[in-house]
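A.B. asks: build me a model:
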Amino acid sequence: MAEGETFEVIRDGSKYSYVIEAKKIVEPEEVGGEVEKYDQKGERYVTLMACYPLLSTAQRIMLVAKQVPTNAKQYGNIFSSS
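C.D. replies: As a prediction, this is how the structure comes out:
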């Protein structure tokens, strides 16, 4: 995933769209500060994060995405068997 790409999240039966604003590699102790920067903007963001590089805990790769308007759709429980 790269800056400018979009993805969707379904939560509590509603779909939310996000566009990636930043892709960063940071030290573990920098994660909180990075998240706080976006919290202070007063908009809705989601952060996807994983250890980096592969099979290491040395750093973190973060994708920061801003919520964008979407055609609101309601979804049932996507995990139910019915």
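A.B. asks: tally up the residues packed near E36, please.
C.D. replies: The number of residues packed near E36 is 9, by other C-beta atoms under 10 Å. Using the backbone N, CA and C atoms, a C-beta is placed for each residue, glycine as well.
A.B. asks: what ranges does this protein have for its helices?
C.D. replies: Counting by DSSP state H, the chain has these helices, from start to end: 31-39.
A.B. asks: what are the bridge partners for K15, then?
C.D. replies: As for beta bridges, K15 partners with I10 under DSSP bridges.
A.B. asks: these two touch, right, E5 and S17?
C.D. replies: No - with contact defined as C-beta atoms under 8 Å, E5 does not count as touching S17 (11.3 Å).
A.B. asks: pick out whichever of those two has more residues nearby.
C.D. replies: Between E5 and S17, S17 has the larger neighbour count (other C-beta under 10 Å), namely 15 against 12.
A.B. asks: wait, what's in contact with the residue nearest to that one when sequence neighbours are not counted?
C.D. replies: The shortest distance from S17 to any non-neighbouring residue, by C-beta to C-beta, 6 or more residues apart in numbering, is to T70 (3.9 Å). T70 makes contacts with 8, 15-17, as judged by C-beta atoms under 8 Å, 6 or more residues apart in numbering.
A.B. asks: kindly report the same for Y18.
C.D. replies: 6-9, 45-46, 65-68.
A.B. asks: I'd like the distance between E43 and M62.
C.D. replies: 17 Å (C-beta to C-beta, to the nearest Å).
A.B. asks: the more surrounded of those two?
C.D. replies: For E43 and M62, the more surrounded residue by other C-beta under 10 Å is M62, and the numbers stand at 19 against 9.
A.B. asks: what residues are bridge-paired with that one?
C.D. replies: Those that pair with M62 in a beta bridge, by DSSP bridges, are K24, M49.
A.B. asks: go ahead and confirm it touches I20.
C.D. replies: No - M62 lies out of contact with I20 (C-beta under 8 Å); the separation is 10.3 Å.
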